[in-house]
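[1] This is the structure alone, sequence omitted:
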């Protein structure tokens, strides 16, 4: 079955599951309340002088009507929003989705995703405590990478001495690797260090690593940590072979140096090279053998035409990983030799002019629309009335 079919089926099951779950919870509540109602009279006989709060709670629960999603305007509106989003995505292949949310494909700035910022108030609980912000330039590193670390200090009195000592540590203990933090200005409020993993003892390097920092500010001793990951890449994207229009797609072949056999997944973002505008999120997957392999990314003409760019392009934000095999607990990340690659462009006339069609999308969309429509409420009411009439006639 196609991947898109599984995604849609999963969405339908989730929606139906929510309905069943909420209905079940309400039913169980009514059943429990009924049991309490049968026990309450014996309690009332021994406490006639004052009202029993349990009786009041049970009475209120019995009055409350069972939740009906078909009568909830908020629920129907949410389902319609899901349907709108699905309709938009269904116009394009899963592996060639136009970029509608620029924030989702933005390149993170160095130190942005790993920063740890902590206040250190003194014993008197001062209003403006000393703050220490520490970060590495990224979260995932591979063998041979250089780790850039940064520490910033704020809130300290001017002309206060400050110094940083760092130790890299993993599951096998601290590394005997000197880390030299140097100030970047005369105010001693920012320090940086470069850690070359090529000279680190590899037998002590583990997947989960920790940068432990001892920060001295005047007579105060402060401590903070930064977490990062370190791996030997399962494979590496080493180049992009010439892209060519084939049918309705711009086929972009990625050349991969594979260190481990397995099933690989790759994702990237295609930008317009001149304007730097993000155009398409590309995804693909393939089983690769040890050695040299190729994974094709396909940019569909419908997505390219929507964005109005004939190229040239830039391929960036490449993420590669090997899926966990049977008996393995974790996926294995891969690397990319470069942060971006140039991709040639072609006039739209070089492609087959066809819209993407998913044969099951209309059925799935109709199902979602029905769940969130006013007609669904009326159908539910008619069904309830028919059931009631049938019961009465019997």
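    Sure, I can see it. Remember, it's a predicted structure, so these values are computed and weren't measured experimentally.

[2] What is the burial count for residue 193?
    19 (other CB atoms under 10 Å). Quick note: C-beta positions are derived from backbone N, CA and C, even for glycine.

[3] Check the one 3 residues further on too.
    The local packing count at residue 196 equals 11, with neighbours defined by other CB under 10 Å.

[4] The chain: helices as residue ranges?
    3-45, 53-63, 73-89, 301-307, 361-371, 374-393 (DSSP state H).

[5] weakest of these by average pLDDT?
    Lowest mean pLDDT within the helices of the chain: helix 3-45, at a mean of 45.

[6] Correct me if wrong: residue 288 contacts residue 255.
    No: with contacts counted by CB atoms under 8 Å, residue 288 stays clear of residue 255, the gap being 11.2 Å.

[7] The two: who's more crowded?
    residue 288 (23 against 16).

[8] Name the nearest residue to residue 201, sequence neighbours excluded.
    residue 175 (6.2 Å; CB to CB, 6 or more residues apart in numbering).

[9] Kindly apply the preceding question to residue 226 instead.
    In space, and not counting its chain neighbours, residue 226 is closest to residue 211: 4.4 Å by CB to CB, 6+ apart.

[10] Same question for residue 117.
    residue 133 (4.4 Å).

[11] For the one you found, list each beta-bridge partner.
    residue 117, residue 152 (DSSP bridges).

[12] can you start the count at 393 instead of 1 from here on
    Yep, numbering from 393; the last one is residue 525 now.

[13] And for it, the neighbour number?
    16.

[14] follow-up on the earlier one: tell me how far the residue nearest to residue 618 lies from residue 622.
    Distance, residue 603 to residue 622, using CB to CB, to the nearest Å: 11 Å.

[15] The two: which has the busier surroundings?
    Neighbours around residue 603 and residue 622, counted as other CB under 10 Å, are more numerous at residue 603. The numbers are 24 against 20.

[16] what sits against that one?
    By CB atoms under 8 Å, 6 or more residues apart in numbering, the residues touching residue 603 are 526, 528, 539, 541, 558-561, 571, 617-620.

[17] Tell me the pLDDT of it.
    pLDDT, residue 603: 97.

[18] and if you look at the one 3 residues further on?
    Among the per-residue scores, residue 606 holds a pLDDT of 96.

[19] So it is in contact with residue 615, correct?
    Yes: Residue 606 is in contact with residue 615 according to CB under 8 Å; the separation is 5.8 Å.

[20] what is the mean pLDDT for stretch 681-691?
    On average, stretch 681-691 scores 97.

[21] Just the residues contacting it, thanks.
    Here stretch 681-691 has contacts from 485, 487-488, 627, 633, 641-653, 656, 658, 660, 662, 671-672, 674-678, 680, 707, using CB under 8 Å, 6+ apart.

[22] and residue 710, how many neighbours does it have?
    Using other CB under 10 Å, the number of residues around residue 710 comes to 22.

[23] pretty sure it contacts residue 630?
    No: under the contact definition of CB under 8 Å, residue 710 does not touch residue 630, with a separation of 11.2 Å.

[24] burial measure for residue 528, as a count.
    Other residues close to residue 528 by other CB under 10 Å number 23.

[25] Mind listing what's buried along stretch 732-750?
    732, 733, 735, 737, 743, 748, 750 (16 or more other CB atoms under 10 Å).

[26] who's in contact with residue 720?
    Per CB under 8 Å, 6+ apart, neighbours of residue 720: none.

[27] just residue 662 next, same as before
    Residue 662 touches 644, 670, 671, 672, 673, 674, 689, 691, 705, 706, 707, 735, counting by CB under 8 Å, 6+ apart.

[28] ok, now residue 636?
    Going by CB under 8 Å, 6+ apart, residue 636 touches 642, 643.

[29] So which bits of stretch 485-505 are buried?
    485, 487, 488, 489, 490, 491, 497, 503.

[30] er, stretch 571-585 actually
    For stretch 571-585, using 16+ other CB under 10 Å, the buried residues are 571, 573, 580, 581, 582, 583, 584, 585.

[31] and what of stretch 618-633?
    Going by neighbour count (16+ other CB under 10 Å), the buried part of stretch 618-633 is 618, 620, 622, 623, 625, 626, 627, 628, 629, 632.
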